[in-house]
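>>> kindly return the folded structure for what I paste below:
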Amino acid sequence: MKRFTILLGAALLLGASSLVAQDGDRRHFLGSSAFVLANPLLADPPDFYQLNFGYRLTVRDVFSVEFITWKYTAPLGIPYGPDFGSADEEYPGYVREFGMGVAYQRFIWRGAYAAAHATPLVKRYVGEDGQRLQSGFQLFLALRAGYHVPLLGNRLFLEPSIAFTHWPISTNAPAAFAERDGRWPNYFLFEPGFHFGVKF
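Model prediction:
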């Protein structure tokens, strides 16, 4: 994972440095999520890593490909409230997911946008002893609303957002994991997002 962080940082720096010589319409971008930056700051990091490559089809339409991996120790559907983050809801181990998804973003008015994401993910279920138990599959969907904030002459950008996420397909969970998942819905409301990127 450290290697991925180094590659992500190098790619962003390379993209930013190449922009100095770029003129005209910047239709491509390379980006990620600010949650990646939280990994070294947390005592129990989610090992969340994301790399996005996008292309502006028109002034209003953007298509992107997203590479993503993360780890979580409790069901994703636990809503905000007393059970959110509770040790009582944790799995006897954790889930690690890897996937590549696609996203379509539509600018509605000025910087305001709506986006739809679809990411198929391979799931690895890992026990408390660190041993891999089995593998599964998940289809992770998100509808996102946010605002695009250009920086440095529109070469860099920030995109704070809020999302509704849903995973209609999730397979092959060990019994103890499935029991905890069964207590909660297969969606999450008001997930915060904070993407950033560089255009080239």
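
>>> output the below-cut-off pLDDT ranges for the protein.
1-24 (pLDDT under 70).

>>> ranges for the helices of it?
Using DSSP state H, the helices of the chain run over 2-18, 35-38, 175-181.

>>> list the buried ones in the shortest one?
Meaning helix 35-38. Buried residues in helix 35-38, counted by 16 or more other CB atoms under 10 Å: Phe35, Val36. From N, CA and C alone the C-beta is placed, and that goes for glycine too.

>>> how about Val126: what's its closest non-neighbour residue?
The shortest distance from Val126 to any non-neighbouring residue, by CB to CB, 6 or more residues apart in numbering, is to Gly93 (4.9 Å).

>>> for that neighbour, what are its contacts?
Shown in contact with Gly93 (CB atoms under 8 Å, 6 or more residues apart in numbering): Thr73, Tyr125, Val126, Gly127, Glu128, Leu133, Phe177.

>>> likewise for Ala163?
Ala142, Leu143, Arg144, Ala145, Phe190, Glu191, Pro192, Gly193.

>>> just the ones in strands from these, please.
In this view, those that belong to strands under DSSP state E are Ala142, Leu143, Arg144, Ala145, Phe190, Glu191, Pro192, Gly193.

>>> for the last one, the count of nearby residues, please.
It refers to Gly193. For Gly193, the neighbour count with other CB atoms under 10 Å is 19.

>>> likewise the second one?
Counted with other CB under 10 Å, the burial measure for Leu143 works out to 13 neighbours.

>>> quick revisit: ok, of the contacts of Ala163, which one's closest to Ala87?
Glu191 (21.4 Å; CB to CB).

>>> which non-adjacent residue is nearest that closest one?
Ala163 (4.5 Å).

>>> so which residues of the protein form strands?
Under DSSP E, the chain gives strands at 28-33, 49-56, 61-72, 93-109, 112-127, 132-147, 149-151, 156-170, 187-199.

>>> and of the ones you listed, who's closest to Ala43?
strand 61-72 (13.9 Å).

>>> in the closest one, what counts as buried?
Buried-residue list, strand 61-72, by 16+ other CB under 10 Å: Val62, Ser64, Glu66, Phe67, Ile68, Thr69, Trp70, Lys71.

>>> in JSON lines, list these along with distance to Ala112.
Shown next, in JSON lines, are the buried residues of strand 61-72 (distance: CB to CB, whole Å):
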{"residue": "Val62", "distance to Ala112": "13"}
{"residue": "Ser64", "distance to Ala112": "18"}
{"residue": "Glu66", "distance to Ala112": "21"}
{"residue": "Phe67", "distance to Ala112": "26"}
{"residue": "Ile68", "distance to Ala112": "24"}
{"residue": "Thr69", "distance to Ala112": "30"}
{"residue": "Trp70", "distance to Ala112": "27"}
{"residue": "Lys71", "distance to Ala112": "32"}
